[in-house]
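[1] here are the coordinates; sequence isn't available:
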Ligand SMILES: Nc1ncnc2c1ncn2[C@@H]1O[C@H](COP(=O)(O)OP(=O)(O)OP(=O)(O)O)[C@@H](O)[C@H]1O
Ligand SMILES: NC(=O)c1ccc[n+]([C@@H]2O[C@H](COP(=O)(O)O)[C@@H](O)[C@H]2O)c1
Ligand SMILES: [Zn+2]
């Protein structure tokens, strides 16, 4: 039965997924358990959004392959889906824009219009509680909340110079909210504690501890593949088969974008941007 006291949540994971691993899928399960255990939320959908080729990360193989592998991985889930919109854009898209896009889709699916001007949201007065903390957009209770799902490394990357626009960070956390899975120890809590911006929005940052700590990463998988080692049980079987069939991930593919600056660094290092 529907509990009217719970808020529906959609989780959006942005990343390279180069290739998708079981840990990426685990993130969704961990986040759903955590949020639902609070008694306040019901997680209704998960979205995997692979980054486009324009991101220019070293070793990033074509989006068509990364999308297909993500689709194969998501076949094992009845609530996590892959969305190709971000991967199909000609240029790299800021994560804040990706979230806005999906929020608009969510509103459209629910037959609602976004009453907040999504482009000028940073300039508009936000909903604030009495301590001045921004509240998530779903002060509107008639549509699900959309939250960014990520690992602690993405949260920590907020402090890398020229990687994120401060107003994007504020919008992502203040307007939407984040669910962040710890990758090792308590660094994420310390990081939130040490950042005035993150601390101000701490009520919108859900830090989820992964007790079964593991170091599975796409980097590790690519390295093992280059060396002809087994990657079985690190990836869903259909993903592993797809990689073998298409001979993905070689010493050559790892050199892709080797001399290219990552798109956000390029964009924000330019003066006037
Ligand atoms: N083992 C893990 N624990 C927690 N979060 C993870 C883990 N692996 C990936 N993530 C998260 O998944 C999202 C997508 O990350 P990404 O595609 O970069 O995977 P990755 O394994 O970190 O790949 P790479 O090694 O190429 O950086 C990010 O939010 C990242 O923090
Ligand atoms: N300024 C930004 O919006 C910004 C900066 C860096 C990374 N990102 C995103 O974070 C994700 C990180 O992925 P990786 O951990 O694979 O690099 C990607 O989806 C990327 O687009 C966004
Ligand atoms: Zn990563």
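    Yes, it's here. Note that the structure is a prediction, hence the values are computed from the model and not measured. Ligands and ions are numbered 1, 2, ... in the order given.
[2] and the spatially closest residue to residue 46 that is not a sequence neighbour, how many neighbours does it have?
    In space, and not counting its chain neighbours, residue 46 is closest to residue 80: 3.7 Å by CB to CB, 6 or more residues apart in numbering. The C-beta positions use only the backbone N, C-alpha and C, and glycine is treated the same way. By the criterion of other CB atoms under 10 Å, residue 80 has 22 neighbours.
[3] and if you look at the one 4 residues further on?
    Residue 84 is surrounded by 17 other residues when neighbours are defined as other CB under 10 Å.
[4] tell me the contacts of residue 179?
    11, 31, 34, 35, 147, 148, 149, 150, 206, 208 (CB atoms under 8 Å, 6 or more residues apart in numbering).
[5] And the residue nearest to residue 46, how far from residue 197?
    30 Å (CB to CB, to the nearest Å).
[6] Could you pick out the residues of the stretch 51-200 of the chain near ligand 2 for me?
    Residues of the stretch 51-200 of the chain found near ligand 2 (CB under 6 Å from any ligand atom) are 51, 55, 57, 94, 95, 96, 154, 163, 164, 168.
[7] could you redo the last one with a cut-off of 5 Å?
    Neighbours of ligand 2 within the stretch 51-200 of the chain, by CB under 5 Å from any ligand atom: 51, 94, 95, 163, 164.
[8] Show me what the closest residue to ligand 1 within the stretch 151-273 of the chain bridges to in the sheet.
    The nearest approach of the stretch 151-273 of the chain to ligand 1 comes at residue 151, 2.1 Å away (CB to the nearest ligand atom). Going by DSSP bridges, residue 151 is paired in beta bridges with residue 181.
[9] How about the contacts made by it?
    Taking CB under 8 Å, 6+ apart, we find residue 151 in contact with 27, 180, 181, 182, 183.
[10] now the strands for the stretch 151-273 of the chain?
    Along the stretch 151-273 of the chain, the stretches classed as strands by DSSP state E, counting those that start in this stretch are 178-181, 205-208.
[11] Look at residue 215 and say how many residues are nearby.
    Residue 215 has 9 neighbours, counted by other CB under 10 Å.
[12] can you confirm residue 12 is in a strand?
    Yes. Counting by DSSP: H, G, I helix; E, B strand; the rest coil, residue 12 falls inside a strand.
[13] Apart from its chain neighbours, what residue comes closest to it?
    Leaving aside its sequence neighbours, residue 12 sits nearest to residue 47 (CB to CB, 6+ apart; 4.7 Å).
[14] Helix, strand or coil: sort out that neighbour for me.
    Three-state call for residue 47 (three-state DSSP): strand.
[15] what's the neighbour count on it?
    So residue 47, with other CB under 10 Å, has 23 neighbours.
[16] show me the contacts for it.
    Taking CB under 8 Å, 6+ apart, we find residue 47 in contact with 10, 11, 12, 13, 80, 81, 82, 83, 102.
[17] one step back: is the residue nearest to residue 46 in contact with residue 25, as I believe?
    Yes. Assessed by CB atoms under 8 Å, residue 80 is found in contact with residue 25 at 6.8 Å.
[18] where do the contact lists of those two overlap?
    Shared contacts of residue 80 and residue 25 (CB under 8 Å, 6+ apart): residue 74.
[19] Does residue 30 touch residue 207 like I think?
    No. Look at residue 30 against residue 207 with CB under 8 Å: they stay out of range, at 11.1 Å.
[20] ok, residue 143 to residue 104 distance?
    Residue 143 is 11 Å from residue 104, by CB to CB.
[21] If you could redo that for residue 150, that was the one I meant.
    Distance from residue 150 to residue 104, by CB to CB: 21 Å.
[22] Residue 220: which of the contacts of residue 179 is nearest?
    Proximity of the contacts of residue 179 to residue 220 (CB to CB) peaks at residue 150, which lies at 18.3 Å.
[23] State the pLDDT value of the closest one.
    With respect to pLDDT, residue 150 has a value of 97.
[24] which residues touch the nearest residue to it once chain neighbours are set aside?
    Closest residue to residue 150 apart from its sequence neighbours, by CB to CB, 6+ apart: residue 180 at 5.7 Å. Residue 180 makes contacts with 149, 150, 151, 152, 154, 155, 188, 205, 206, 207, 208, as judged by CB under 8 Å, 6+ apart.
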